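In: Need a 3D model of the following:
(2 chains)
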There are 2 protein chains.
Amino acid sequence: MRSKAEGLGTVLRYVRDAAPCSRAEITAATGLNKTTVSSIVGELLDRRILREIGAGGRRIGRPTTLLMLDGSGHVGIGVQVGIGHLTAIAADLAGRRLLTWRQAYTTAERGPRQVVAHIARVVRHAAERVNTAEGSVVGLTVAMPGPVDSAGVVHGVPFLGWPHVELRSDLVRALDGPAYPVGVDNDAILGAVAEHRFGALAGASHLAYLAGPPGSGVGLIHGGVPLRGANGYGGAFAQPGIDAAAEFDALIGRPGTTREAAIQRLARQARAAEPATLAGLAEVGARLGRAVAVLADLLNPAVVLLGGDYARLAPWLLPTAGREFRERAVTPNADALKLAASTLGSEAPALGAAAVPLNVIERN
Amino acid sequence: MRSKAEGLGTVLRYVRDAAPCSRAEITAATGLNKTTVSSIVGELLDRRILREIGAGGRRIGRPTTLLMLDGSGHVGIGVQVGIGHLTAIAADLAGRRLLTWRQAYTTAERGPRQVVAHIARVVRHAAERVNTAEGSVVGLTVAMPGPVDSAGVVHGVPFLGWPHVELRSDLVRALDGPAYPVGVDNDAILGAVAEHRFGALAGASHLAYLAGPPGSGVGLIHGGVPLRGANGYGGAFAQPGIDAAAEFDALIGRPGTTREAAIQRLARQARAAEPATLAGLAEVGARLGRAVAVLADLLNPAVVLLGGDYARLAPWLLPTAGREFRERAVTPNADALKLAASTLGSEAPALGAAAVPLNVIERN
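Out: Presented below is the predicted three-dimensional model:
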């Protein structure tokens, strides 16, 4: 039933962009026939993904019922596992946030079982809040800083010390087999999804998102679609000279302080123009610039965003990153590329994770 | 009319894989309704892209007419501009080659105008041959070793000394505005298209093709679709340490001999285990291995192919390339990746170019 599901995505995308609009307008714009549009709209009304907003007055004769996105009752939950913190976001299908929850949480010395149990607790709390607000959870996605395959198996997250964890099925078990679908995905891909949908440069069809440590992956959107490769393992960027993460961590790392405190200290030192800090950040920026050059030459994105901790130090990273990128890249298009800091903050992957159910409905 | 065109591609792909097959089987397998399938099949029969092959005897009652791909009359022409040679291939939509033509042709000291005039002459000859065989030309695509945008403008081909040439429109003019569509594309992308359709590992949905000098680009297929980026400039791979082309050319380069003679000499020396040659090829292989590691980590292809001149020296490049790749890559999937030499030879881009019309019909 490929064509029916495709039609549903087509209708939903059109309504999202053109709402309020009538069934006749959908028929004219999408090339789907009247019966198909009528059946798809009916289904979307039943599922409360669309709603009718009364009559449009533009036509003579019968009033036309106009449609727009509802989705207020449908809530996606996104959970992001980071260094020293866990972030949960609940957002409805129209993109409104119901809940943002950032919690100090150290994964060090905790095994997968404990982390899974904790994620499940956070999700249950979030789901209760959603239910209290008379919404229903339509999907849960967990953003992990490492490669994740299409079955939700996490393969090697060095900072967690996890070699191979069947996170999706473990989590489904810990949640007693919830009614909504559960997914696990790479944090960089979900960050890219969030930027593509909600970011300052949203809508750019060719976009790359550099997630920053701990995962340090690159989330790639090409023609509006995330690139995952044959097994879902795309987005790693660990070659010498272009991997900025180790350099960045060396600059951050001072045992005994939290990562948050270390980032704030670094920003303070940079603002005070401390030479060693400026030099260190310039070197991280240069490596990021080389990574951007590889991406620009290979995949020709229109937009590259520095996410995560990189975004917080962007004022000192972007100048050298831009210079190094323009020096190295051979693409004819270097000047057209927009290199900028993410405006969605370090919780972009959690936001992208919460938006997965909407993406799924639109894409299928 | 997005859904109608999509339906056409769906039907065509199904028939290509499942032929001979009936309209009822197409309806059942594609989820398209009976009327739509009937109308699409009618159009494809009219265009002689499908043909009926009489009755299938499997059913009781009325005999069922079976369908299969025809396309014998529809011929795509591909022209590839290389170092010291020009290759033209004509192939019908069923993939049968009608013509393969490799010609010594030096672009050095020739400007774009002369090269365009020469390509036009070759195309006219090929088109005459196609007409003599009672076929009709349904498309022409030229494979260029450099970045090409979607308007067919070539941006900087160093070995030609071309900074910016409107190749597509120049060629349309030189051919007096032919009835068939004319395209220009990057040689690496077209090599990847050829491998995806006709190569020994055809059908792998995630595939990379390293074109080899002079362009030295990477053609990328992801989920069956070529990656071109925002402007069509993807596929360049020129960063220090991962660019094997300069190293390779230094090994080849001895002024006064043709490139063909130089490659043959190199292969002879390698077979005789000449230490300097083996060391040189090992270094080229190591750089290729680093490039493969970047590709594997970033895009997780299932197959990476060495094309062009690399393919001809593959016995001496693949061992170090494989070793270096496995040492460098961080993807969990390194062992599953198939790294091999192209079996389509140095004319793979010309073959991919000839196949473009079929791709266009199936994809739209």
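In: you'd agree A:Ala88 is in a strand?
Out: Yes. A:Ala88: assigned to a strand according to DSSP: H, G, I helix; E, B strand; the rest coil.
In: and A:Gly95, how many residues sit next to it?
Out: Look at A:Gly95: counted by other Cβ atoms under 10 Å in any protein chain shown, it has 15 neighbours. Just so you know, the C-beta spots here come from the backbone N, C-alpha and C atoms, and that holds for glycine as well.
In: Repeat that for A:Val81.
Out: Applying other Cβ under 10 Å, we find 28 residues neighbouring A:Val81.
In: Kindly report the same for the one 4 residues further on.
Out: Under the neighbour criterion other Cβ under 10 Å, A:His85 is assigned a count of 18.
In: now the helices: where do they sit in chain A?
Out: Here chain A has its helices, by DSSP state H, at A:2-18, A:23-30, A:34-46, A:112-132, A:167-174, A:187-198, A:245-252, A:259-271, A:275-299, A:308-312, A:314-328, A:348-354, A:356-363.
In: for the longest one, which positions count as buried?
Out: Neighbour counts using 16 or more other Cβ atoms under 10 Å in any protein chain shown place A:277, A:280-299 of helix A:275-299 among the buried residues.
In: Tabulate the helices of chain A in a markdown table, adding columns for mean pLDDT and distance to chain B.
Out: Below are those laid out as a markdown table (pLDDT from 0 to 100; distance: least, Cβ to the nearest Cβ, whole Å):
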| stretch | mean pLDDT | distance to chain B |
| --- | --- | --- |
| helix A:2-18 | 77 | 5 |
| helix A:23-30 | 87 | 7 |
| helix A:34-46 | 89 | 8 |
| helix A:112-132 | 94 | 16 |
| helix A:167-174 | 97 | 14 |
| helix A:187-198 | 94 | 11 |
| helix A:245-252 | 87 | 12 |
| helix A:259-271 | 92 | 22 |
| helix A:275-299 | 95 | 4 |
| helix A:308-312 | 93 | 18 |
| helix A:314-328 | 96 | 7 |
| helix A:348-354 | 95 | 18 |
| helix A:356-363 | 72 | 12 |
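In: which one of these is the most hemmed in?
Out: Across those, averaging neighbours per residue (mean count of other Cβ atoms under 10 Å in any protein chain shown) puts helix A:348-354 on top, at a mean of 33.
In: returning to that earlier point: nearest to A:Ala91, out of the helices of chain A?
Out: helix A:348-354 (4.2 Å; Cβ to Cβ).
In: picking up where we left off before, now render the helices of chain A as TSV, adding distance to A:Lys338.
Out: What follows is those, written out as TSV (distance: least, Cβ to Cβ, whole Å):
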stretch	distance to A:Lys338
helix A:2-18	22
helix A:23-30	29
helix A:34-46	34
helix A:112-132	34
helix A:167-174	34
helix A:187-198	11
helix A:245-252	22
helix A:259-271	23
helix A:275-299	11
helix A:308-312	14
helix A:314-328	10
helix A:348-354	17
helix A:356-363	23
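In: For B:Ile189, find the nearest of those.
Out: That would be helix A:275-299 among those, by Cβ to Cβ, at 12.1 Å.
In: Now do that closest one: which elements does it pack against?
Out: Using 3 or more Cβ pairs under 8 Å, 6 or more residues apart in numbering or on different chains; DSSP states H and E, the elements in contact with helix A:275-299 are strand A:207-210, strand A:218-222, helix A:245-252, helix A:259-271, strand A:303-306, helix A:314-328, strand B:218-222.
In: The first one packs against which elements?
Out: Under the contact criterion of 3+ Cβ pairs under 8 Å, 6+ apart, strand A:207-210 touches helix A:187-198, strand A:218-222, helix A:275-299, strand A:303-306.
In: can you redo the ones you listed as CSV with distance to A:Arg97?
Out: As requested, the helices and strands packed on strand A:207-210 are exported to CSV (distance: least, Cβ to Cβ, whole Å):
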stretch, distance to A:Arg97
helix A:187-198, 10
strand A:218-222, 20
helix A:275-299, 29
strand A:303-306, 20
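In: Retrieve the pLDDT associated with the residue of the stretch 251-364 of chain A found nearest chain B.
Out: Proximity of the stretch 251-364 of chain A to chain B (Cβ to the nearest Cβ) peaks at A:Asn300, 2.5 Å away. A:Asn300 is assigned 96 on the pLDDT scale.
In: Am I right that it is in contact with B:Leu220?
Out: No. With contact defined as Cβ atoms under 8 Å, A:Asn300 does not count as touching B:Leu220 (10.8 Å).
In: residue contacts, A:Asp309?
Out: Listed by Cβ atoms under 8 Å, 6 or more residues apart in numbering or on different chains, the contact partners of A:Asp309 are A:212-213, A:248, A:252, A:259, A:263, A:346.
In: quick one: contacts for A:Met68?
Out: With the criterion set at Cβ under 8 Å, 6+ apart, A:Met68 makes contact with A:15, A:19-21, A:50-51, A:53.
In: Without its sequence neighbours, what residue ends up closest to it?
Out: Sequence neighbours aside, A:Ala19 is the residue nearest to A:Met68 in space, at 3.8 Å (criterion: Cβ to Cβ, 6 or more residues apart in numbering or on different chains).
In: Repeat that for A:Gln239.
Out: Spatial nearest neighbour of A:Gln239, chain neighbours left out: B:Val294 (5.6 Å); criterion: Cβ to Cβ, 6+ apart.
In: Since that was my last question, I'll sign off now.
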